[in-house]
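> coords below, sequence missing:
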């Protein structure tokens, strides 16, 4: 009878060791699962960001190709007083704005080579003030897409 009690105690001890080992394995698998899940979520986020970056770059390249057409429509509107031309130009501008294009507002502001290229310098009351915009500049999604071409003032000392 004493042997049976010893046997049972040893069985219980073995089962407890097995149970503890299984708990450790379970915890290990749980940690591996959580790491794998976090890695997957990070990968998903990275892929999403890269996809958006590729789309934005493609859109920026396409819009950059459209800007000369917009320039020509604006020039034509000055000479041709055609309502249809104005509607087309306005629709194109509206569409480009909806996609994230913004015109740089530089007239009367201080010249900054990050936003504009000085094509001409004219006499003025103050130095480095943009007095005329020869070609509009644009930014797309807060990045400069095309710098403006401008005339800049130069103060002449008498």
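Arrived safely, thanks for sending. No experiment lies behind these values; they were computed from the predicted model shown.

> worst-scoring helix or strand of this structure, pLDDT-wise?
Scoring the helices and strands of the chain by mean pLDDT, DSSP states H and E places helix 2-79 at the bottom, with a mean of 90.

> now do the helix or strand that that one is followed by against helix 2-79, angle only.
Using DSSP states H and E, the helix or strand that follows helix 2-79 in sequence is helix 83-98. Between helix 83-98 and helix 2-79, the angle comes out at 150 degrees (axes from the mean of the first three to the mean of the last three CA atoms, to 10 degrees).

> next SSE downstream of helix 83-98?
With elements assigned by DSSP H and E, the helix or strand that comes after helix 83-98 is strand 101-103.

> what's that next one packed up against?
With contacts taken as 3 or more CB pairs under 8 Å, 6 or more residues apart in numbering; DSSP states H and E, strand 101-103 sits against strand 138-140. Where you see a C-beta, it was placed from the backbone N, CA and C, and this is true even at glycine.

> list the contacts of the strand it packs on.
Residues outside strand 138-140 that contact it (CB atoms under 8 Å, 6 or more residues apart in numbering): 56, 59-60, 63, 67, 99-104, 144-146.

> now a PyMOL select for only the buried ones of those.
Selection of buried members from the contacts of strand 138-140 for PyMOL, criterion 16 or more other CB atoms under 10 Å:
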select buried, resi 60+63+67+100+101+104+145+146
